[in-house]
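Enquirer: Let me see the structure of the following:
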Amino acid sequence: MRWPSSRSPYLALRHRDYRRLVASQLFSITGSQMQTVAINWHIYLLTRSPLALGFVGLTRVVPIVVFSLWAGVIADRYDRRRLMIISQLSMTAVALALGALTVAHRETLLLIYALNFLSAAAGAFDNPARNALIPRLVPIAQLPGALSLNFSVFQTAMITGPAFTGLILAGHTAALPAPGPGHEAALPSLAGLAVIYFLNAASFLAVIYVLATMRTSGAPEKGAGDAHPLTALKEGLRFVFTTPLMVWTMGLDFLATFFSGSMSLLPIFADQVLHAGAKGYGVLASAPAVGALAGSLFLSLRPLPSRQGPLFLTSVAAYGAATVAFGLSRRFWLTLLALAAVGLADAISTVIRQTLRQLITPDRLRGRMTSVNAIFFTGGPQLGELEAGLVASFFASAAVGVTVSVVSGGLATVLITAVAAAVAPSVRRYDAREHLPRQWGQP
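Expert: Modelled structure (predicted):
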């Protein structure tokens, strides 16, 4: 089989439902990223604690671990469009609640954690339904391009969301309030946070409209939902964990993002290490996505080689090395470059993993496959944020603590990648041509 290097990702835009869904996701993901960055800043304003920031990741990962597996079973049994509409409406409600509580000055640390938990729970159901629906919207030959384009849109939102957040917060923050038992001094700063939460709520409306008017069916294949839910769950788990390449790439991704997942500490870097304030925080939060977008656009114009194993391992090691540079940097521009390199390396490994998973998974199993991977793909960085916060909290100086936490995590990622390269020859020798569908023809 030949590797389809000449296929442009933009061919997927010819298909109405895919085009409309991708465009609406640009607005929705931008709003979601604005809220993610705003919640970190919100908690920093209230506590100034690296441990409190670390627990944000825990409130995101627990619902993913608890609900994702069953969400995958549901996505393979029921209409994926309807599931997405329900989850999008749920996330809209959470954003409205955050905005209303902030306006009324009734928000507390526990309430923010609880609402963040509910938003992540809704996302746990949205993710497998969305990922299982996308292959329905384009021909199989155009799926790698569609996934690459989808990733580019996601990274664009990852840039614009934090950047808009920084601008909005900077416009409402003359100076950071002094820490204390209460947060009354922070109230003027919280006005911008309420605006962000309400904007995020509005951003979901575009996706809901597109889903409601979509022509492609979201119903599962005939007979896909006949099995008992527990049997269906076991089938999905068996498929994922008996596919060696999926296990290795999934496991390595989890460990790399667990040790190098430190973005929740960025408010401390921006304020106490780089003295860049809220505006600088927004710019720094966008930097990884700038690098990732550059990487995904490059890959869309110059597709990956067929033998992708060495490139995958190199990109994960580079991800860890760039994290070390981020932790050691004491200059704003150097931190920007290091964070952009983090995003660039992550983009390459993500495109390789996403394409592999979708191509080798039957449609009837895609929801369950995505839900299992979501635990590792999302759980790694979120648990990593908790780990980073715990390590940083052991030091009296927040600036020293976050530095040790980030640098040690990056070094651990490089070491783990080297071990994987040594003991997993199937990853080193991975060639994408061996997994292409027959529809792409023989050489």
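Enquirer: Give me the distance between L190 and A418.
Expert: 45 Å (Cβ to Cβ, to the nearest Å). (Each C-beta comes from the backbone N, C-alpha and C, glycine too.)
Enquirer: tell me which element L293 falls in.
Expert: helix 277-301 (DSSP states H and E).
Enquirer: Same check on Y18?
Expert: With DSSP H and E as criterion, Y18 is part of helix 16-47.
Enquirer: For that helix, name the packing helices and strands.
Expert: Packing contacts for helix 16-47, counted by 3 or more Cβ pairs under 8 Å, 6 or more residues apart in numbering; DSSP states H and E, involve helix 50-75, helix 80-103, helix 109-137, helix 143-171, helix 187-212, helix 266-268, helix 277-301.
Enquirer: right, so these: which one is the most enclosed?
Expert: helix 266-268 (a mean of 26; mean count of other Cβ atoms under 10 Å).
Enquirer: Can you give the distance of that one from its chain's centre?
Expert: 19 Å (Cα atoms, centre = their mean, to the nearest Å).
Enquirer: Any chance of the helices and strands packed on helix 16-47 in CSV with distance to A317 as columns?
Expert: Shown next, in CSV, are the helices and strands packed on helix 16-47 (distance: least, Cβ to Cβ, whole Å):
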stretch, distance to A317
helix 50-75, 23
helix 80-103, 35
helix 109-137, 27
helix 143-171, 21
helix 187-212, 35
helix 266-268, 23
helix 277-301, 15
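Enquirer: could those be laid out in TSV, adding mean pLDDT and distance to L11?
Expert: Listed next are the helices and strands packed on helix 16-47 as TSV, based on pLDDT from 0 to 100; distance: least, Cβ to Cβ, whole Å:
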stretch	mean pLDDT	distance to L11
helix 50-75	83	26
helix 80-103	94	23
helix 109-137	90	12
helix 143-171	80	6
helix 187-212	87	20
helix 266-268	84	37
helix 277-301	81	11
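Enquirer: For F395, find the nearest of those.
Expert: helix 50-75 (9.0 Å; Cβ to Cβ).
Enquirer: What separation do you get for the spatially most central residue of the chain and F258?
Expert: In the chain, the residue lying closest to the centroid (Cα atoms, centre = their mean) is T378, at 6.4 Å. Relative to F258, T378 is positioned 11 Å away (Cβ to Cβ).
Enquirer: If we ignore the residues flanking it in sequence, what's nearest S349?
Expert: S315 (4.3 Å; Cβ to Cβ, 6 or more residues apart in numbering).
Enquirer: I112 is in contact with I39, correct?
Expert: Yes: between I39 and I112 there is a contact at 6.3 Å, judged by Cβ atoms under 8 Å.
Enquirer: okay, and the common contacts of these two?
Expert: L98 (Cβ atoms under 8 Å, 6 or more residues apart in numbering).
Enquirer: what's downstream of the strand or helix carrying T350, the next helix or strand?
Expert: Following DSSP H and E, one finds T350 within helix 332-360. As assigned by DSSP H and E, the chain's next helix or strand after helix 332-360 is helix 366-393.
Enquirer: How about the next helix or strand after that following helix, which residues are buried there?
Expert: Counting by DSSP H and E, the next helix or strand C-terminal to helix 366-393 is helix 398-423. By 16 or more other Cβ atoms under 10 Å, the buried positions in helix 398-423 come out as 398, 401-414, 416-417, 420-421.
Enquirer: Which other helices and strands does helix 398-423 contact?
Expert: By 3+ Cβ pairs under 8 Å, 6+ apart, helix 398-423 packs against helix 50-75, helix 244-260, helix 266-268, helix 309-328, helix 366-393, helix 425-428.
Enquirer: how about A418, what does it touch?
Expert: A317.
Enquirer: That should have said M263, apologies.
Expert: 40, 285, 288, 381, 385.
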